[in-house]
Every structure is written in C-alpha cells, then in structure tokens.
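K.L.:
model this:
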Amino acid sequence: MSAGLEPLEYANLAIRGRLLHQIIDEQVDVAIDAKADLVSLIGGGNDILRPGVDVDEISEALEGAVARLRAAGADVLLGAGFKAGGALSFTRGRTGTYNANVWTIAQRHGASVLDLWGMRSLFDLRLWAEDRLHLTPEGHRRVMNAALVGLHLPPEDAGYDVPLPPAPPVPLTAKAKADAEWAREHVVPWVRRRLTHTSSGDGRAPKWPQPVRWPETRD
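P.N.:
Numbering: from 1, shown residues only. Have a look, this model is predicted:
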C-alpha cells in the first residue's frame with residue numbers, strides 16, 4: 001500500500017432476488033451511513049423479468065436513490081442491463097428502455113455506468129452459470145474489467161470482452177435436452193416462487209454487511 005493512502009474498506013450488501021425498491025429501501029441508507037466513497041447501485045433486472053413491471057417507475061426510484069447518494073458525497077456506479085437472448089429475449093425491449101434511463105440518470109447526476117448491454121462476450125453461455133441468470137467466475141472477471149472501464153480506469157485485461165474461442169457444434173438433440181433441463185431446474189422453481197410471492201433471497205443475509213478492510217487482514 002502506498003504511503004499516505006487510507007486502507008481500502010469494502011462492504012457487500014447485495015442479496016439475490018431483490019427487486020429495485022427493496023435494494024433502495026434496505027441498502028441505500030446503510031451505504032450513506034457508512035460514508036461510502038463509491039457505491040455500485042446495480043438493480044432492476046429482477047423487476048424487468050416480471051410481466052407487470054413499470055420501467056419508468058423503477059427508473060424514477062433509481063434516480064431518487066442516486067440523487068441521495070450523490071448528495072451524501074458518494075460516487076455512484078450504475079449498471080446498464082444485459083442484452084439477453086434465447087428464452088429471455090422478451091426482456092430486450094424493457095431492458096433497452098431501462099438502460100436509456102440509466103444513461104440519462106448517470107449524465108444528470110455525474111454517475112458512472114457499467115455497460116453490460118455492450119459486452120459481446122456475454123452472449124456465450126459458457127460465461128453463465130447453470131441458471132443462465134448468474135455469471136461464472138470468468139464471467140465475473142470480465143464484468144469486473146468492464147466496471148473499471150465504466151469508472152474510467154484501466155482494465156486489468158484489455159481483452160476482457162474478446163469472445164471465447166468457438167465452441168464445438170452442439171447437436172440439436174443435445175441442445176434441446178439442455179434447454180429442457182434448464183427449464184425444469186430453474187424456470188419452474190422461478191415461476192413457483194412468483195406464484196407464492198417468495199424469493200430466492202428469502203432468509204439470506206448480505207455477505208459483508210459491515211465495511212471490512214480489503215483484502216481481509218487476519219491475525
């Protein structure tokens with residue numbers, strides 16, 4: 001660590017499955033109270049998956065949260081959502097509208113944007129976990145580099161968005177089987193949670209709710 005620099009502290013308040021209003025209600029005040037220098041406020045994807053989402057309404061809520069964080073002195077990193085394909089391609093229109101609002105909010109309040117919409121490499125399913133909603137470690141590494149670019153910092157890997165080498169051809173029968181397994185293992189439980197008004201994040205707590213020195217120091 002360079003002389004004169006304060007130790008880096010990091011908190012992770014995220015809980016999977018949260019809607020944007022829940023993120024704002026549960027996490028923004030915590031970040032403000034912690035006097036965070038930089039807050040990544042990335043949400044809305046779970047809202048967009050729901051058929052009754054009002055994109056303008058959640059965008060307005062997002063802008064209010066950004067204004068509060070900026071007024072508290074924090075820099076803010078927002079996220080422009082991914083251009084989904086396949087079974088999730090129905091979200092593209094909503095995501096595109098939301099992203100346009102995200103860029104406007106960022107410009108209006110001096111925030112930065114992690115541009116997932118523009119990442120070509122994320123079209124490769126090999127960078128996504130089995131549920132096709134969360135990333136693999138390699139996918140996270142690439143998004144981390146994109147976040148650095150969004151913050152106007154040099155990425156650790158200048159080729160972070162270079163697509164993976166082409167995958168061997170997959171027979172149509174194998175692809176159909178994989179799609180059916182994905183639907184059974186992940187889509188059906190997701191629909192069941194919507195019908196029962198439950199979330200995959202119910203009962204979970206943030207991984208690091210309090211700021212800790214990063215990397216963690218151990219005795």
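
K.L.:
Next, the buried residues of stretch 166-173.
P.N.:
Of the residues in stretch 166-173, none count as buried by neighbour count, 16 or more other Cβ atoms under 10 Å. In short, each C-beta sits where N, CA and C put it, glycine included.

K.L.:
ugh, wrong one, I meant stretch 87-94
P.N.:
By neighbour count, with 16+ other Cβ under 10 Å as the criterion, the buried positions of stretch 87-94 are 91-92, 94.

K.L.:
where does the chain dip in pLDDT?
P.N.:
Within the chain, the ranges that satisfy pLDDT under 70 run 1-5, 216-219.

K.L.:
Spell out, range by range, the strands that occur in it.
P.N.:
Counting by DSSP state E, the chain has strands at residues 9-12, 38-40, 75-80, 112-115, 208-213.

K.L.:
distance of residue 213 from residue 73?
P.N.:
Going from residue 213 to residue 73 by Cβ to Cβ, to the nearest Å gives 21 Å.

K.L.:
ugh, wrong one, I meant residue 141
P.N.:
Taking Cβ to Cβ as the measure, residue 141 falls 30 Å from residue 73.

K.L.:
quick one, which of these two is more surrounded?
P.N.:
Applying other Cβ atoms under 10 Å to residue 141 and residue 73 shows that residue 141 carries more neighbours, namely 15 against 10.

K.L.:
about what we covered before: output the strands of the chain in CSV, with distance to residue 52 appended to each entry.
P.N.:
Shown next, in CSV, are the strands of the chain (distance: least, Cβ to Cβ, whole Å):
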stretch, distance to residue 52
strand 9-12, 30
strand 38-40, 27
strand 75-80, 22
strand 112-115, 26
strand 208-213, 31
